[in-house]
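# need coordinates for the below:
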Amino acid sequence: MRLQAPARRIVALYGAFNEILVEMGLGGRIVARTVADADLPAVAALPSIGTHMRPNLEMVLGLGPDLVVQMSARAGASEPVEALRRHGIPVAEFNPGSFAELFAAIEAVGALTGEPGAAGALIARMRARLEGVARCLDGAEPRPRVFFEVRAQALLAAGAGGIVDDVIRHAGGVNAVTEAKRLVHLGEEALYGLDPDVYVVQRGPMNEAPLPVGQRPLLARLRAVGQGRVLEVDERLFSRPGPRSVLAVEALARFLYPERMKECQLQ
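Model (predicted):
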């Protein structure tokens, strides 16, 4: 999409785009935040327009944005998008499922804001950190197979079609779930069959209070659990494609390869 002029009043319906704008030095153009962005200092004082899936459209319209940005990963996310477009508000939608797609989205945000240089600088910083991890892991074999729990209830795993898969890969692991979807429902028998080397549990809005894996009778028998190869992580770091995705790569790499990462100097 193209705008007649660079966007200067922006509402991001998905928090990662606020993080991108802030990292590009454009936090002053953000005019609202979602409920989930209260912990992002640069936007914490801004009015909250509701949630990613259920924004208060009247409030958004009242703020007079010249650009709304939305994550289109979930079907329901398109409903507020269509409503805003009917009111003449330009809406840019992205659905990055890998670092390559995330960098493309950042480039697009740079074009829409008239700040391609700031977008390029952010991408360069992120690429440099990924390359630093890759140098630390050069030649590391075998690559551990990682199971990533998105939600404990009605077990939901990260599949091969989302950013978590790419985080695992850049951290030197292999996603134990190979189905080409962002999210994959699994039965316990299927999980036992996967026999992952590492079990990662995310904690956040999609998995608010997961029982420790070792305290779940059916999962305690997993080899990874018996060997203590369990890592609890922040959902907003691992499952939200944005500037902090590189921090997720570094954190997981430190868990998978503690000695290598301890000896290696990251920038």
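# helix, strand or coil for Ala157?
Following DSSP: H, G, I helix; E, B strand; the rest coil, the label given to Ala157 is strand.
# residues contacting it?
Neighbour list for Ala157: 147-150, 177, 183-186, 191 [criterion: Cβ atoms under 8 Å, 6 or more residues apart in numbering]. Backbone N, C-alpha and C define where each C-beta goes, glycine included.
# who wins on neighbours among the residues you listed?
Within the contacts of Ala157, most neighbours by other Cβ atoms under 10 Å means Phe148, with 29 neighbours.
# looks to me like it is in a helix.
No: Phe148 is assigned strand when assessed by three-state DSSP, not a helix.
# who's it bridged to?
With DSSP bridges as the criterion, Phe148 is bridged to Val200.
# now it: how far from Glu141?
Using Cβ to Cβ, to the nearest Å, we find Phe148 at a distance of 21 Å from Glu141.
# so how many other residues sit close to Val200?
Residue crowding around Val200 was assessed by other Cβ under 10 Å; the count is 27.
# do the same with the one 10 residues further on
A count of neighbours around Pro210, defined by other Cβ under 10 Å, yields 18.
# over to it. Which of the three states is it?
Assigned by three-state DSSP, the conformation of Pro210 is coil.
# biggest helix in this protein by residues?
helix 116-136 (DSSP state H).
# may I see the buried residues of that helix?
Across helix 116-136, burial judged by 16 or more other Cβ atoms under 10 Å covers 118-119, 122-123, 126, 129-130, 132-133, 136.
# residue contacts, Val164?
Contact analysis of Val164 by Cβ under 8 Å, 6+ apart lists 148, 150, 158, 175, 238-239.
# now the two most distant members of those residues.
Maximum pairwise distance in these, criterion Cβ to Cβ, is 13.4 Å, between Asn175 and Ser239.
# find the residues that touch each one of those two.
Any residue near both Asn175 and Ser239 by Cβ under 8 Å, 6+ apart counts here, and that gives 158, 164.
# ok, Arg240 touching Gly15?
Yes: if you go by Cβ atoms under 8 Å, Arg240 and Gly15 touch, sitting 6.5 Å apart.
# so where's the protein shaky on pLDDT?
The chain contains residues with pLDDT under 70 at 73, 75, 77, 266-267.
# how does it look with 80?
Applying pLDDT under 80 to the chain flags the ranges 73-77, 265-267.
# now do the helices in it.
15-23, 57-62, 78-86, 99-112, 116-136, 163-170, 188-194, 223-226, 235-238, 245-256, 258-263.
# can you list the residues that contact the first one?
This points to helix 15-23. With Cβ under 8 Å, 6+ apart as the test, helix 15-23 has contacts from 10, 12, 27, 29-30, 33-34, 36-37, 40, 42-43, 52, 69, 71, 94, 105-106, 109, 113, 122, 236, 240-244.
# switch the cut-off to 6 Å
Residues outside helix 15-23 that contact it (Cβ atoms under 6 Å, 6 or more residues apart in numbering) are 12, 30, 34, 36-37, 42-43, 69, 106, 109, 122, 240-243.
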